[in-house]
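Novice: return a 3D structure for these sequence lines:
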Amino acid sequence: MEQNVLDGLNDPATRQEFCVITLYWLAISVPYMREIRGPQAKANNVLELGDLHCRVIKHIDVLIKEPEHLLGPDASETHGSLDGHGWERPDAFYAVQRHASQQLPQIQSLLIHFLKKAKESWLRFMSEFEGGGALSRATPEQIERAWMEKTNDLNEGAFGT
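Specialist: Okay, here's the model as predicted:
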């Protein structure tokens with residue numbers, strides 16, 4: 001089993017996948033969760049997250065058009081991260097940079113493909129937030145009456161116990 005893991009880690013295709021997933025995690029997933037759970041969280045209701053979701057789509061679009069924000073020699077959290085704040089794991093970011101520049105020639109095209117597919121999923125996820133949709137037409141009072149948790153933590157906690 002250990003040999004299979006080692007073989008996978010030494011496989012260029014697997015390393016490219018790890019690198020792409022790491023970049024997405026750093027650029028989108030972590031900053032998104034900082035805005036959902038962190039001290040700078042503005043919304044207390046999942047129904048109020050439409051603007052954040054739109055920002056995610058816009059940022060993904062930027063990264064698709066300009067992947068050098070994550071892979072170029074001047075890549076940084078300022079333009080690469082959804083919130084422009086420091087990388088959650090700078091060591092992971094620099095490891096990807098090191099591998100990408102030396103051994104992973106297809107990483108840019110894989111990153112772009114991954115981002116396009118992620119965007120499709122985000123668009124499906126946020127369809128109810130789109131302009132003209134029920135949530136965009138709802139009054140603040142209606143949104144407050146339909147209040148919902150931002151995360152599924154309560155259910156996950158109950159499942160865990």
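Novice: gap between stretch 117-128 and the chain center?
Specialist: Relative to its chain's centre, stretch 117-128 lies at 12 Å (C-alpha atoms, centre = their mean, to the nearest Å).
Novice: swap in stretch 63-79?
Specialist: With C-alpha atoms, centre = their mean as the basis, stretch 63-79 stands 14 Å off its chain's centre.
Novice: and for it, what's in contact with it?
Specialist: Under the contact criterion C-beta atoms under 8 Å, 6 or more residues apart in numbering, stretch 63-79 has outside partners 23, 26-27, 62, 80, 84-87, 93, 97, 100, 107-108, 111-112, 115-116, 119. For the C-beta atoms, the positions are set from N, CA and C on the backbone; glycine is no exception.
Novice: the spatially most central residue of the chain and residue 103, how far apart?
Specialist: Centrality entry for the chain: nearest residue to the mean C-alpha point is residue 28, 2.4 Å, by C-alpha atoms, centre = their mean. Taking C-beta to C-beta, to the nearest Å as the measure, residue 28 falls 24 Å from residue 103.
Novice: got it, and residue 4?
Specialist: If you measure residue 4 against residue 103 using C-beta to C-beta, the figure is 21 Å.
Novice: who's more crowded, those two?
Specialist: Using other C-beta atoms under 10 Å, the more surrounded residue of residue 4 and residue 103 is residue 103, with 12 against 8.
Novice: how about the nearest residue to that one, chain neighbours excluded?
Specialist: The shortest distance from residue 103 to any non-neighbouring residue, by C-beta to C-beta, 6 or more residues apart in numbering, is to residue 12 (6.5 Å).
Novice: longest single helix anywhere in the chain?
Specialist: helix 107-125 (DSSP state H).
Novice: show the subsequent helix or strand relative to that one.
Specialist: Sequence order places helix 134-137 as the next helix or strand after helix 107-125, per DSSP states H and E.
Novice: buried residues in that next one?
Specialist: residue 135 (16 or more other C-beta atoms under 10 Å).
Novice: buried stuff in the helix or strand following that helix?
Specialist: The element immediately downstream of helix 134-137 (helix or strand, assigned by DSSP H and E) is helix 140-145. For helix 140-145, burial by neighbour count (16+ other C-beta under 10 Å) applies to residue 143.
Novice: packing partners of helix 140-145?
Specialist: If contacts are counted by 3 or more C-beta pairs under 8 Å, 6 or more residues apart in numbering; DSSP states H and E, helix 140-145 sits against no helix or strand.
Novice: change it to 10 Å
Specialist: helix 134-137 (3 or more C-beta pairs under 10 Å, 6 or more residues apart in numbering; DSSP states H and E).
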